[in-house]
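Student: got a structure for you, letters missing:
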């Protein structure tokens with residue numbers, strides 16, 4: 001493996017200068033030397049030793065990622081493509097920032113703060129924690145923290161990166177109305193945070209239209225209960241023109257249930273989702289949905305956390321834009 005002194009010899013500078021560039025201490029290094037050293041580092045695919053970085057800076061170079069549970073149980077990454085994609089995006093950007101990621105899937109707020117307190121991390125990223133849990137965690141740990149997809153309606157809040165969820169719900173509502181839908185049903189497993197905002201966006205689009213109604217149903221969080229719940233309401237579901245699920249995962253489940261029950265999608269009822277996860281383009285029919293850029297979100301979350309750690313200003317958007325993706329699961333009504 002190439003060593004710092006090898007890089008220094010090739011660049012014609014001292015080993016100390018190379019070390020300073022690697023560690024970001026470039027105030028006394030010329031721009032030309034910085035560019036030359038960085039080019040040589042890339043050519044040799046130089047990877048700094050984690051232990052060396054920790055010793056040199058007396059820092060852990062570790063970022064903790066806490067994933068909240070669902071219904072008191074640990075989240076299943078295998079069954080949740082959004083979480084797995086987000087973890088991948090976070091790890092990639094954390095590594096690019098010359099840090100390393102530790103992540104844990106928890107099932108209680110008590111577990112969250114105990115783990116965060118015992119980890120020697122420089123910052124925390126949370127996903128799936130409530131606003132209240134994030135506020136408590138930030139108070140107890142007293143280290144930079146960025147949450148993902150939260151809404152803080154009170155005076156207290158934690159730094160957060162999320163989506164234009166209201167706008168996404170509104171866009172989908174306008175699209176369904178333009179396709180002739182008069183009765184639209186929004187389905188989610190809660191009415192807080194992102195799901196509430198998506199519902200409010202849909203509701204506004206319906207209120208602006210003539211003779212259009214939008215309703216909201218809250219489904220059970222566990223799949224086995226959800227299937228029974230859907231079956232008990234199958235006949236009433238058939239009376240709606242379109243179902244707007246809060247996620248593609250639920251939309252796919254809904255399509256499968258409707259098909260099994262003998263209800264044709266989109267022939268008899270249209271179905272839409274949110275996120276544009278892999279589910280959306282792989283199931284039949286392919287799901288019309290609202291797209292979010294998960295990789296961009298992960299990158300933005302890490303950059304926001306780095307700005308807090310380094311006490312630097314953050315210039316990027318904190319509510320990322322979304323877009324409508326039209327596929328096969330909606331049929332225009334005459």
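Tutor: Arrived safely, thanks for sending. The structure presented is a predicted model; accordingly, all values stated were derived computationally and were not measured.
Student: what mean pLDDT does stretch 160-169 have?
Tutor: In this model, stretch 160-169 carries a mean pLDDT of 97.
Student: what about the closest residue to residue 269 other than its chain neighbours, how many residues close to it?
Tutor: Distance criterion CB to CB, 6 or more residues apart in numbering; nearest residue to residue 269, sequence neighbours excluded, is residue 263 at 6.0 Å. Placement of C-beta: from N, CA and C, glycine included. The number of residues packed near residue 263 is 16, by other CB atoms under 10 Å.
Student: what about the strands in the stretch 151-300 of the chain?
Tutor: Taking DSSP state E, counting those that start in this stretch as the criterion, the stretch 151-300 of the chain carries its strands at 160-163, 183-188, 213-218, 242-245, 270-272, 289-291.
Student: quick one, the second one and strand 213-218 angle?
Tutor: This points to strand 183-188. 20 degrees (axes from the mean of the first three to the mean of the last three CA atoms, to 10 degrees).
Student: roughly how far is strand 183-188 from the heart of the chain?
Tutor: Remark: strand 183-188 is offset 23 Å from the chain centroid, using CA atoms, centre = their mean, to the nearest Å.
Student: re earlier: return the residues in contact with the residue nearest to residue 269.
Tutor: 234, 237, 238, 269 (CB atoms under 8 Å, 6 or more residues apart in numbering).
Student: Which one of the strands of the stretch 151-300 of the chain lies nearest to residue 319?
Tutor: Distance to residue 319, taken as CB to CB, is lowest for strand 160-163 among those, at 5.5 Å.
Student: Leaving out sequence neighbours, find the closest residue to residue 66.
Tutor: With sequence-adjacent residues excluded and distances taken as CB to CB, 6+ apart, residue 66 is closest to residue 126, at 4.8 Å.
Student: for residue 165, same thing?
Tutor: Sequence neighbours aside, residue 197 is the residue nearest to residue 165 in space, at 3.8 Å (criterion: CB to CB, 6+ apart).
Student: so that neighbour touches residue 166, yeah?
Tutor: Yes: Residue 197 lies in contact with residue 166 (CB atoms under 8 Å); the separation is 4.5 Å.
Student: rewinding a little: quick one: which of the strands of the stretch 151-300 of the chain is nearest residue 298?
Tutor: Among the strands of the stretch 151-300 of the chain, the nearest to residue 298 by CB to CB is strand 160-163 (8.9 Å).
Student: Each with direction, which strands does the closest one pair with?
Tutor: The strands beside strand 160-163 in its sheet (DSSP bridges) come out as strand 145-148 (parallel), strand 319-320 (parallel).
Student: Columns mean pLDDT on top of those, output as a markdown table?
Tutor: Converted to a markdown table, the strands paired with strand 160-163 look like this (pLDDT from 0 to 100):
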| stretch | mean pLDDT |
| --- | --- |
| strand 145-148 | 96 |
| strand 319-320 | 96 |
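Student: would you turn those into TSV with distance to residue 206 and mean neighbour count?
Tutor: Listed next are these as TSV, based on distance: least, CB to CB, whole Å; neighbours: other CB atoms under 10 Å:
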stretch	distance to residue 206	mean neighbour count
strand 145-148	29	26
strand 319-320	23	15
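Student: nearest to residue 276, of those strands?
Tutor: Per CB to CB, nearest to residue 276 of the strands paired with strand 160-163: strand 319-320, 13.0 Å.
Student: following the closest one, which helix or strand shows up next?
Tutor: strand 323-325 (DSSP states H and E).
Student: Tell me the strands beside that following strand, with direction?
Tutor: Here, using DSSP bridges, strand 323-325 pairs with strand 289-291 (antiparallel).
Student: Could you pull up the mean pLDDT of the partner strand?
Tutor: Averaged over strand 289-291, pLDDT sits at 98.
Student: And it, what's buried?
Tutor: Going by neighbour count (16 or more other CB atoms under 10 Å), the buried part of strand 289-291 is 289, 290, 291.
Student: And the contacts of residue 263, which of them are buried?
Tutor: Buried subset of the contacts of residue 263 (neighbour count, 16+ other CB under 10 Å): 237, 269.
Student: Now distance to residue 201 and pLDDT too, for the contacts of residue 263, in CSV please.
Tutor: Formatted as CSV, the contacts of residue 263 follow (distance: CB to CB, whole Å; pLDDT from 0 to 100):
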residue, distance to residue 201, pLDDT
234, 27, 93
237, 22, 95
238, 25, 93
269, 21, 97
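Student: could I get the strands of the stretch 151-300 of the chain as CSV with distance to residue 206?
Tutor: Formatted as CSV, the strands of the stretch 151-300 of the chain follow (distance: least, CB to CB, whole Å):
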stretch, distance to residue 206
strand 160-163, 21
strand 183-188, 6
strand 213-218, 4
strand 242-245, 11
strand 270-272, 14
strand 289-291, 16
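Student: For residue 280, find the nearest of those strands.
Tutor: Counting by CB to CB, residue 280 lies closest to strand 289-291 out of the strands of the stretch 151-300 of the chain; the figure is 4.8 Å.
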